[in-house]
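Enquirer: Have a look; sequence and predicted model below, questions after that.
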Amino acid sequence: MIDKTCPTIAEALAGVADGATVLIGGFGTAGIPNELIDGLIAQGASGLTIVNNNAGNGETGLAALLKAGRVRKIICSFPRQADSQVFDGLYRSGKLELELVPQGNLAERLRAAGAGIGAFFSPTGYGTELAKNADGSPKETREINGRQYVLEMPIHGDLALIKAEKGDRWGNLIYRMAARNFGPVMATAAKKTVATVHKIVELGALDPEHIVTPGLFVQKVVRIARVATEASGAKAA
């Protein structure tokens, strides 16, 4: 019997290796899998490459992972915000490497990894510093139909941490509103996906037309309680 439910986050995250590339869902503060991030801190893996839309807020969640010194490099679109003091301090002191990626390119690089696409050309970033590799060398460019494009590579993950609303024991997932964001593409781009859900339902209870992430892309599902702020927001919606 296929049963991907896991009783604890610690068990779901066992075996994460040092140096792993971890894809973490979320957009700003929407859909951030904070419980899984806390579990990753407790698990102890270090030298990580983190892929996320931003670089953390305040002192919790992704910012806490950075502050713990577990991250070598972050790939994101919006590293600096009003409360990104943890990232700012680490980056300015040379303790954290940054790869800045336009948001559309970030989503497409993840999607390309999940779809098995070797690389793709994008017009975004042409003629800017974003059209350079990490070592400063120029990325490959090509003119297509009179417009200049930059070659972009897929982003593959060893692990994806995502937050969903409901799931079943096969790992099928549905999301709540904006909490969906990067979760679906990250699940397809990683070797292993761990998802938290607020409710685990019986097989067949999820309308197939509403399933966003099929269980094929999910290895572990952990049920978590909804915190007070989430509960009030769900009721208002």
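Expert: Thanks, I have it.
Enquirer: who touches Asp3 in this structure?
Expert: Arg169 (C-beta atoms under 8 Å, 6 or more residues apart in numbering). Where C-beta positions appear, they are placed from N, C-alpha and C, glycine not excepted.
Enquirer: so which strand or helix has it?
Expert: In the assignment (DSSP states H and E), Asp3 maps to no helix and no strand.
Enquirer: how far away is it from Lys132?
Expert: Asp3 sits 47 Å away from Lys132, taking C-beta to C-beta, to the nearest Å as the criterion.
Enquirer: Please apply the same query to Asn57.
Expert: 28 Å.
Enquirer: Between the two, which is the more surrounded one?
Expert: Neighbour count, other C-beta atoms under 10 Å: between Asn57 and Lys132, Asn57 has more, with 20 against 13.
Enquirer: Show me which helix runs longest in this structure.
Expert: Longest helix in the chain, counting residues (DSSP state H): helix 103-115.
Enquirer: Pull out the buried positions in the next helix or strand after it.
Expert: Sequence order places strand 120-122 as the next helix or strand after helix 103-115, per DSSP H and E. For strand 120-122, a neighbour-count test (16 or more other C-beta atoms under 10 Å) marks 120-122 as buried.
Enquirer: cool, stretch 6-13 as well?
Expert: Residues 6, 9, 12-13 are the ones in stretch 6-13 that count as buried (16+ other C-beta under 10 Å).
Enquirer: Could I have the CA atoms of stretch 118-130 written out in CSV?
Expert: Taking C-alpha atoms only, stretch 118-130 is exported to CSV below (Å, rounded to 0.1, in the frame of the first residue of the first chain):
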residue,chain,number,x,y,z
GLY,A,118,18.2,21.1,-21.2
ALA,A,119,18.2,25.0,-21.4
PHE,A,120,16.2,27.8,-22.9
PHE,A,121,16.6,31.3,-24.3
SER,A,122,15.0,34.3,-22.6
PRO,A,123,15.1,38.0,-23.5
THR,A,124,15.1,39.0,-19.8
GLY,A,125,18.4,40.3,-18.6
TYR,A,126,20.1,40.8,-22.0
GLY,A,127,22.6,43.6,-22.0
THR,A,128,22.8,43.7,-18.1
GLU,A,129,24.9,42.2,-15.4
LEU,A,130,22.3,39.4,-15.2
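Enquirer: ok, and what's touching that stretch?
Expert: 100-102, 104-105, 108, 112, 131, 141-142, 144, 147-154.
Enquirer: Now Val197. Nearest residue, chain neighbours left out?
Expert: Gly167 (4.1 Å; C-beta to C-beta, 6 or more residues apart in numbering).
Enquirer: Dig out what that neighbour forms beta bridges with.
Expert: As for beta bridges, Gly167 partners with Leu173, Ile200 under DSSP bridges.
Enquirer: can I see the domain layout of this structure?
Expert: Following the assignment in automatic domain parsing, the chain carries domains at 9-118+155-230, 120-152.
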